[in-house]
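Asks: Based on what follows, work out the 3D shape:
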Amino acid sequence: MRYYLKFSFDPGLDRRKLTPKMRQDGTVDLYNLGYVQNVMAGETLAVWLDAADAPPDADPRAFYAEKVFPYGLGCTPDPANPDRLVATVNGYVSFDNGRITVRRNLVVPCDVDFHTGNIVFVGDVLIEGAVRAGFEVVGRNVVVKGLVEGARIRATESVVAEAGIKGSDDAVIRAGANLRTKFCEKAELHAAGNLLVDTSSMLCNLYVGAKLAVKERLVGGTVASRGAVYVGEALGGGLRTQTKVLMGYDPELISRDRSLRAKIHHLSERAMALRREGGPGGRQGKEAGEELAELEKKLASYHLLRHRLWLNRHGCEDFLVCRVIVPGEVGANVEIGIGEAVMDAPDGARDVLFRYHDGDVVMSSPALKR
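Replies: Reported below is the predicted structural model:
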């Protein structure tokens with residue numbers, strides 16, 4: 001008697017030969033190629049059926065003379081139903097060398113680009129190459145050995161970018177715990193825990209739930225942190241480049257506020273242009289008037305969202321633990337805010353500590369107790 005093993009995944013998936021898929025609207029999806037077949041513990045991987053129940057186009061490899069599951073790591077026959085093979089761990093399923101396996105860790109031996117598509121995995125991910133602009137990597141812990149370009153990375157735990165992040169304003173990296181990178185440039189980084197930059201941060205927006213350490217230079221952009229900020233060599237610099245350090249509030253609240261302000265600014269400029277068109281000698285028609293009315297509704301809703309965002313901000317802040325530690329030099333155009341207190345840091349100050357005292361930001365020296 002012959003038996004048919006019905007797979008709940010594609011046993012013939014070849015990651016080296018992935019092809020774009022057609023969407024329902026007729027366009028082609030170049031970014032989601034199905035590199036990973038995710039499964040969760042307890043999920044069915046395969047079931048035994050009689051050979052007579054097999055479809056006409058069944059894979060010849062799925063027929064067996066005996067009901068003996070060809071399985072390896074990460075799966076087992078279901079004790080409650082011996083004809084059902086289930087995953088015992090969260091991971092990716094594959095059929096290699098005649099065996100079904102589920103592995104917790106995913107290694108991508110190349111760049112993440114149009115050959116792989118986005119990588120979305122339930123376990124730990126190691127990218128041995130770079131992550132190219134426009135692509136996304138999602139995992140539990142994510143390690144990238146090559147450069148992260150204008151890409152998106154999301155990890156429920158930690159992220160490590162060994163070669164650094166060069167974003168061109170499009171890189172958004174989010175870590176549910178800690179984040180470490182060699183350097184970062186024109187990127188947005190979120191770490192619920194600590195953030196460590198081994199060299200320098202240039203023109204980045206950094207949102208840190210605990211502590212930030214930049215070993216060399218931090219120039220341009222915004223830092224939002226609940227705890228201490230350490231910059232080893234230079235904080236700020238350049239008359240045209242402002243560097244803001246905002247401390248004491250939830251960094252994600254500051255991130256959402258920044259996003260809302262950007263939307264308000266964009267809509268306000270468009271509304272102003274429409275009003276000019278409708279002024280004396282203007283040519284505002286019915287369509288422009290309707291667009292202006294819709295813009296004003298959106299603006300009102302965004303202003304209300306900002307108001308609600310900050311309405312209950314007090315209660316969990318501890319401004320006294322906030323520190324900005326600069327053993328090196330403070331450059332031009334640096335603003336430090338702790339709570340509602342703000343200081344324009346003096347250009348050229350060296351070996352200094354900024355902290356909150358009696359409603360103000362105060363500066364003292366040395367930066368660290370020796």
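Asks: who does the one helix or strand L189 maps to touch, helix- and strand-wise?
Replies: In this assignment (DSSP states H and E), L189 forms part of strand 184-191. Secondary-structure packing of strand 184-191 (3 or more CB pairs under 8 Å, 6 or more residues apart in numbering; DSSP states H and E): strand 165-175, strand 179-181, strand 201-208, helix 251-277. Every residue, glycine included, has its C-beta placed from N, CA and C.
Asks: Which of the ones you listed sits closest to D53?
Replies: Proximity to D53, assessed across the helices and strands packed on strand 184-191 by CB to CB, is greatest for strand 165-175 (45.9 Å).
Asks: List the contacts of stretch 140-148.
Replies: 111, 121-131, 137, 153-167, 171, 173, 181, 187 (CB atoms under 8 Å, 6 or more residues apart in numbering).
Asks: Quick one: buried ones out of these?
Replies: Neighbour counting over these (16 or more other CB atoms under 10 Å) leaves 111, 121-127, 129-131, 137, 153-155, 158-161, 164-167, 171, 173, 181, 187 as the buried ones.
Asks: now, which of those lie within strands?
Replies: 124-127, 137, 153-155, 159-161, 165-167, 171, 173, 181, 187 (DSSP state E).
Asks: re the thing from before, between the helices and strands packed on strand 184-191, which gets nearest to E149?
Replies: strand 165-175 (6.0 Å).
Asks: what helices or strands is the closest one leaning on?
Replies: Right, strand 165-175 is packed against strand 152-155, strand 159-161, strand 179-181, strand 184-191 by 3+ CB pairs under 8 Å, 6+ apart.
Asks: Turn the ones you listed into CSV, including distance to P366 and mean pLDDT.
Replies: Shown next, in CSV, are the helices and strands packed on strand 165-175 (distance: least, CB to CB, whole Å; pLDDT from 0 to 100):
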stretch, distance to P366, mean pLDDT
strand 152-155, 36, 98
strand 159-161, 32, 98
strand 179-181, 27, 98
strand 184-191, 27, 97
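Asks: export those strands to CSV and tack on distance to V68?
Replies: CSV is the format used below for the helices and strands packed on strand 165-175 (distance: least, CB to CB, whole Å):
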stretch, distance to V68
strand 152-155, 39
strand 159-161, 42
strand 179-181, 46
strand 184-191, 48
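Asks: I'd like to know which of those strands lies nearest to N90.
Replies: Among these, if distance is taken as CB to CB, the winner is strand 152-155, at 14.7 Å.
Asks: So for R276, which of the helices and strands packed on strand 165-175 sits nearest?
Replies: Of those, nearest to R276 by CB to CB is strand 184-191, at 32.8 Å.
Asks: taking the mean pLDDT, what do you get for the helix or strand following the closest one?
Replies: Moving toward the C-terminus from strand 184-191, the next helix or strand (DSSP H and E) is strand 195-197. Mean pLDDT, computed over strand 195-197, is 98.
Asks: where in this structure is pLDDT low?
Replies: Applying pLDDT under 70 to the chain flags residues 1, 239, 278-286, 312-316.
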